[in-house]
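> how would this look folded up:
(2 chains)
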Amino acid sequence: MRVLVTGASGMLGRATAAALSERGDEVTVLQRRPAGLPCAEVLGDVADPDAVRRATRGQDAVVHLAAKVDVVGRRREYVRANVAGTRTVLAACRAAGVGRLVHVSSPSVAHAGAALAGVGAQPADPAGARGHYARSKAVAEQEVLAADAAGLAVLVVRPHLVWGPGDTQLVGRIVDRARAGRLPLIGSGAALIDTTYVDNAAAALIAALHACGPVHGEALVVTNGEPRPVGEVLDRLCRAAGVPGPGFRVPFRAAWLAGAVIDGAWTLAGARATPPLTRFLAEQLATAHWFDQRRTRAALGWRPEVSLDEGFARLGRWYADRR
Amino acid sequence: MTAAAAADVPHGLPGLDPAWSRTLRVTDGDGVAHTWHVLDNGVTDPVGTLLCVHGNPTWSYLWRRLLTAAPPGWRVVAPDQLGMGFSERLAAPRTLPQRVADLVDLTAALGVTGPVVTVAHDWGGIISLGWALAHREQLRGVVLTNTAVAQPDHDLGPVLIRLASARALHEAVTVRTPVFVQAATRLSRPALPADVRRAFAAPYRSAARRRSVGDFVADIPFTDAHPSRPALDAIGAGMRGLDVPALLLWGPRDPVFADRYLAEIRDRLPQAELHRYEGASHLLPEDAPQYAAAIAQWVTDLGTPPAAPPAPGAPPVAGRHLWSALAERAGDPSPAVVEVGGATTSWAALHRRVEDLAAGLAAAGVRPGDRVALLVEPSADLTAAVYAVWRAGGVIVVADKGLGLGGMRRALRSAAVDHVIGGGPGLAAARLMGLPGSRIAAGPGPLVRRVTGAAHDLTELTRLGRTAASPPEMPLDADCAVLFTSGATGPAKGVVYTQRQALAQFELVRSTYSLGPEDRFVAAFAPFALLGPALGIGSAVPDIDVTRPGTLRATDLARAAAAVDATVVFASPAALRRVAATGADLTAPERTALSRVRLLMSAGAPVPATLLESVRAVLPAAEAHTPYGMTEALPVTDISAAEVEAAGPGDGVCVGRPLPGVEVRLSPLSATGQADGPLTAEPGRTGEVCVRGPHVKDRYDALWATERAASRDPGWHRTGDVGHLDDAGRLWIEGRLPHVVPTAGGVVTPVGVEQRVERLDEVSAAAVVGVGPVGAQVVVVVLVPAAPPPRGRGESMAPADADLAAAVRAAAGVDVAAVLVARRLPVDIRHASKVDRTAVAGRAAGVLAGSGAPRRPR
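The predicted structure follows:
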């Protein structure tokens, strides 16, 4: 199968492209900077119609991961990357007669801040979603699902909190902070959260690529299916990296208020550095969000191969090799 | 259009499908056409029709759940009575005969042919019965919920309604203001959501639209001269001739129609099945939403020929009655019942007293089948009273005072007792509980009788009985007892036994423990204090409050054992704990008395091995046995201490093999934790434990739907326990059905996991619960660490530290999402011993949900 993977410079995109190549698929990747992967590459912005059209030509399927993932920055940057970028990909798929599109989204598109305990993939809700990232991804997901048609089968996959060796987003930031003694435990640390080991998420995307067609026009949440209290997740990540765990506790309300103040300050200042805390982060770290995986597993014929224990062990070895 | 016209039903009322609404014009007997609003599920060529009649001041909205729950093929028709709901408003009040005629006209216009089951609430009841009497050939059954069909004697009608009908108040309360309309939905328990209350009030927004609400109240015939009185009396009398199946669904907390109205209906429809929804009030269809499923089940059963009832088992010993052992030992001067520190009653005296008291009770009006509540402390009086009531053909009603006054009140009122026998405190409690029936005082002399105003006392009745006729013996299949469950899991349930079943139970106890004439026992566990006379075995009751087992010292046990030369001891683990702790105080003769005890039966729960060791120092020759069973079937299995050891650890608690004549099957669990699999004895299959045997209860009392569910495999009783059989035929109990955890990977039962976790040195107690939606739950272990106690207070929970969590996960044998610690686990109010896993689950779910986002500013 000829497959285009957009956003292959990120951890999940890279893992997905590599796994597809290993299986013998003909993979093309599209991102702004060279990804260093042994496959065909088109460099360009996902919102640039020409680059996307070039990359899409002749493909059987597209896995669309390219997105702006962050907690700071201006709304228009998110809209450009996540909404306009997705429209460009959709248009290119239709123009090139691509039959399948797997769009990578996020459970945050349906998360209005309240605890989620064992729910399935609820509809994306741009009005309720928290922060520019989630809102822009919610709009994008709605447009992708609306594009599901006879000629183009689309499937939306929402992996939740993907982590693994080489992760600069989630694991990297947590470990950096813990090393500096600046990792707080917000609230009691008991909120149950789902996470996804990167290889499982990549396998789910490949399973989605194959299921896409018979299964289409729906969104599926992907996780390891092993929810744990957030304090335990942070603690085990830190142990794997050989750094001390969360050093102090911040009451949730204080964290939320501080996050709200910092959000405002960072936005006003137009700061690009990652802030110490945001309201979104405070909610994410103090509120349950774990998911019912039954529909996902039935639809994709997929189960996570790497357990949390095995994932933490692999992460530990990766950090040990770099010490 | 004028105000009299029917109005449109607003859209978006919770639970109401707009497609059910229809209006039609029907001409009444006076030739006047009226517009009706009717909810109709529109089933064509129906198997039958449920004709649902609301009362005042509600409307057909009341029946929305029944429209949803109707069995396939059943049409549901629920009109708004004229002037009510969204039907046309009337120019003049309508009388009861007119309303019946209106309903007759309406069903004709709707083309309701074929079988009909009427369903009614409140004042709809009498109207529905009027319709029923006019359609005998079509009538398949009647269902009534919280209604009245006649004024009970000496009763001037429900106080609240009477108040509302008082001339001065009436207009203001019912029409000019929405007070009456709103009060109706305020009576609901638990309280109704605001949007549902608004839906009930929707048709009654203006005084003009409330006109008929007031007229309806005015049409209630409180006086003989009222124009609707003859019709009420005629229907009330006519219903005695309705021999169709009937179902009564009742909310006992109804301040409008109290229990005496229910008694009136049962008197007129003696064949009626009854389900009392404890906690529900007047608006039964709102307070007990499960009523709809109950009606659906009931009408479905109407169409199925009744399963042939299992042939009544042969009497365990031909010709025996519950009191036979007394008659056999009528001339025996040896002690039958010894109250240590009190009276000793010989077999001869006990027999004489029971015979006399039975005749006295009969002479005082205790008729065969009458229900007699016993509010007497364990004593010779109680023993005599129990056997005398049986001998008189009565049914004893027993509720443990551990239920508390509220629990006992609910229990005993549900049993509709005809008489109460009690000591001073018992009769005072009966008055507080508002129990019906005559009063008979127990206790010394006529003092209690005088103080409590009881009609009779036991001494007087015994004397009276010496010259009265001996009552006839009741057939073996007549009821003999209503025993209430402990109430540890919801309101206590009344369990009905027939004499045949009680006899079978006594025989099973006798054979299981090889009790013979040479045995005598000490009953340190209240229920067994009554067992001796039935088994023909002498017994002693220790000089303690047997309802407080923790007060039993080794010396008390020894004195009781010495008093009858005991060979058998019945005690609970709680009592044995104190006995073991006080063993050092025993004198040499006391030790000798206890050394003759050959059998120790611990009821309620198995004796832990460590406790057993220390008990052995006090009862050196006793073999420890524990029966497994429940109020509905006891015993089911039995296991000795040696067998517990031989079984070793496993998934659950091993309770031994089914006793001879008792069958155990499992109903396997579905992925969502429902026990819906066909019964099986296959080893290793986990399911709900089902029991069959001659000693299993006859039925639940006044709980038709509960009984229907518990005996849905005819002849079998579903216990609510979950477990499995092993290859050796032993039963293992894995938990209670509501406590199983339906995860995405399969159903997890709690007890085995709890046992494995509790074997860790760091853990003193553990509860395994599920959080999340059914079918996708995750397992959470909440534990009390051995030491040191975690921070925080009481039952608050916090995540365990990483090492403890890892140890628990390694031991659990199932995927554990979270390990929480608490200083203690919530226990049931009733026993303060069983961990309340439902409460644990609720709290754990709250903790694991996290802090939650503050409400977003709008």
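
> Close to chain B: what parts of the stretch 51-200 of chain A are there?
A:112-115, A:117-119, A:186-192 (Cβ under 8 Å from any Cβ of the partner chain). From N, CA and C alone the C-beta is placed, and that goes for glycine too.

> Now intersect the residues you listed with the strands, please.
Using DSSP state E, the subset of these located in strands is A:Ala117, A:Gly118, A:Val119, A:Ile186, A:Leu192.

> Of the residues you listed, just the buried ones, PyMOL syntax please.
Those of these that count as buried under 16 or more other Cβ atoms under 10 Å in any protein chain shown are selected in PyMOL with:
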select buried, chain A and resi 117+118+119+186+192
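
> got JSON lines for the ones in strands among the residues of the stretch 51-200 of chain A next to chain B, with pLDDT too?
Below are these laid out as JSON lines (pLDDT from 0 to 100):
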{"residue": "A:Ala117", "pLDDT": "94"}
{"residue": "A:Gly118", "pLDDT": "95"}
{"residue": "A:Val119", "pLDDT": "94"}
{"residue": "A:Ile186", "pLDDT": "78"}
{"residue": "A:Leu192", "pLDDT": "95"}
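
> Can you tell me which of the ones in strands among the residues of the stretch 51-200 of chain A next to chain B is nearest chain B?
Checking those against chain B by Cβ to the nearest Cβ gives A:Gly118 as the nearest, at 3.1 Å.

> who's in contact with the closest one?
Each residue near A:Gly118 by Cβ atoms under 8 Å, 6 or more residues apart in numbering or on different chains is listed here: A:Trp290, A:Phe291, A:Asp292, B:Val771, B:Gly772, B:Pro773, B:Ala776, B:Gln777, B:Val778.

> and B:Tyr277, how many neighbours?
22 (other Cβ atoms under 10 Å in any protein chain shown).

> Now do the strands in the stretch 101-250 of chain B.
With DSSP state E, counting those that start in this stretch, the ranges of strands along the stretch 101-250 of chain B come out as B:116-121, B:139-145, B:246-250.

> Point out the most buried one among the ones you listed.
With neighbours taken as mean count of other Cβ atoms under 10 Å in any protein chain shown, those reach their highest mean count in strand B:116-121, at a mean of 27.

> Flag every residue of chain B that's near chain A.
For chain B, the contact set with chain A under Cβ under 8 Å from any Cβ comprises B:744, B:771-773, B:775-778, B:797-799, B:802, B:805, B:815, B:817-818, B:820, B:845, B:847-854, B:856.

> if you set the cut-off to 7 Å instead, what comes out?
Counting by Cβ under 7 Å from any Cβ of the partner chain, the residues of chain B close to chain A are B:744, B:771-773, B:776-778, B:798-799, B:802, B:805, B:815, B:817-818, B:847-854.

> taking these one by one, which sit in strands?
B:Val771, B:Val778, B:Ala798, B:Pro799, B:Ala817, B:Ala818.

> low-confidence ranges in the stretch 751-858 of chain B?
Low-confidence segments of the stretch 751-858 of chain B, defined by pLDDT under 70: B:788-795, B:828-833, B:852-858.

> re earlier: now the buried members of the contacts of A:Gly118.
Neighbour-count burial (16+ other Cβ under 10 Å) is assigned, among those, to A:Trp290, A:Phe291, A:Asp292, B:Val771, B:Gly772, B:Ala776, B:Gln777, B:Val778.

> who's in contact with B:Arg240?
For B:Arg240, the contact set (Cβ atoms under 7 Å, 6 or more residues apart in numbering or on different chains) comprises B:Arg268.

> typo on my end, A:Val52
A:Val52 makes contacts with A:Leu30, A:Val46, A:Thr88, A:Val89, A:Ala92, as judged by Cβ under 7 Å, 6+ apart.

> right, and B:Ala358 touches B:Gly394 too?
No: when contacts are counted by Cβ atoms under 7 Å, B:Ala358 is not listed as touching B:Gly394 (8.8 Å).

> where do the helices sit along the stretch 201-323 of chain A?
In the stretch 201-323 of chain A, the segments counted as helices under DSSP state H, counting those that start in this stretch are A:230-241, A:252-269, A:279-286, A:294-300, A:308-321.
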